[in-house]
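Engineer: quick one: sequence plus predicted model below, questions after.
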Amino acid sequence: MIKNTKVNAAILIIGNEILSGRTQDTNTSTIALWLNSIGVKVHEVRVIPDIQSTIIDTVNKLRKSNNYVFTTGGIGPTHDDITAESISKAFSLDYEIHKEAFKILEAYYKLGEFNESRQKMVWMPKNAKLILNPTSGAPGFSIENVFCLPGVPSILKSMLGGLKNQIVGGEPILSHTISLQTVESEIAESLTNVQNKNKDVEIGSYPFFQAGKLGVSIVIRSEDKFKIDVCSSQILDFINKKKIEVVDR
């Protein structure tokens, strides 16, 4: 594990269905939570359409400015699944049948079911490393620091565990949440003062509505538990002075 080193990642959600609102993106949360647990901070998230030039340009920008890039969507059997071919072009690699992937899917499907459409899922950039799929057989793949995963949330989630040994993170990113029965304007100035005293700790405030009442959750994030505890103590101090109620969520 890399100690005292910031490791960042970008998530690239690919698919017209996300942009149109027909499909809700839950993969960002799944990937981000997993990355945080192994010390990788998500630096940015982008959602782009199934357009080859856009995929190529975006992947090439993100892979140069992040330690890791995770793409979701576009590696299935249909005509609009163009992620694998686009990644091949982004890296100037041949787009070809991956022999190991072919063997995996040939064995996975019953005789006669591994048709031409499904065979599209074994076309990948040359020398791609497979990301095994314990749920539905069809593997994802990686090239250098770019990891390509399916868009189906349950399948994507099942594949993350197999990546752990391929991702080198820093210290795990810890978090602590304090939920209050108040509004942001009531704590804004005090919270800003705490943030100014602890510039290397990330402090966020997030309104919520629960049991007919407004509230605010304060989330403190850092790789250092001691720094989180210091911030928490300072926040609780002004909360007590303001006589604001702490609530469970």
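Structural biologist: Everything's here; your move.
Engineer: can you pull the domain assignment for the chain?
Structural biologist: By the assignment in automatic domain parsing, the chain contains the domains 8-166, 174-242.
Engineer: counting by contacts, list what the longest helix seen in the chain packs against.
Structural biologist: If you go by DSSP state H, the chain has its longest helix at helix 225-242. Under the contact criterion of 3 or more C-beta pairs under 8 Å, 6 or more residues apart in numbering; DSSP states H and E, helix 225-242 touches strand 174-180, helix 184-197, strand 213-222. In short, each C-beta sits where N, CA and C put it, glycine included.
Engineer: mind listing what's buried in that helix?
Structural biologist: Under the neighbour-count criterion of 16 or more other C-beta atoms under 10 Å, helix 225-242 has 227, 228, 230, 231, 232, 234, 235, 239 buried.
Engineer: check the first one and give its pLDDT.
Structural biologist: At residue 227, the pLDDT value in this model is 97.
Engineer: nearest residue to it other than its sequence neighbours?
Structural biologist: Nearest non-adjacent residue to residue 227, counting by C-beta to C-beta, 6 or more residues apart in numbering: residue 201, 5.1 Å away.
Engineer: so the one you found makes contact with residue 223?
Structural biologist: No - applying C-beta atoms under 8 Å, one finds residue 201 not in contact with residue 223, separated by 9.6 Å.
Engineer: where do the strands sit along this structure?
Structural biologist: Assigned by DSSP state E, the strands in the chain fall at 8-14, 41-48, 68-72, 95-97, 123-125, 129-131, 140-143, 146-149, 174-180, 202-210, 213-222.
Engineer: so who does the residue nearest to residue 227 touch?
Structural biologist: Listed by C-beta atoms under 8 Å, 6 or more residues apart in numbering, the contact partners of residue 201 are 195, 220, 221, 222, 224, 227, 228, 231.
Engineer: switch the cut-off to 10 Å
Structural biologist: Neighbouring residues of residue 201 by C-beta atoms under 10 Å, 6 or more residues apart in numbering: 194, 195, 220, 221, 222, 223, 224, 227, 228, 230, 231.
Engineer: can you give me the buried ones in stretch 200-208?
Structural biologist: Applying 16+ other C-beta under 10 Å to stretch 200-208 flags 201, 202, 203, 205 as buried.
Engineer: rewinding a little: winner for burial among the domains of the chain?
Structural biologist: domain 8-166 (a mean of 18; mean count of other C-beta atoms under 10 Å).
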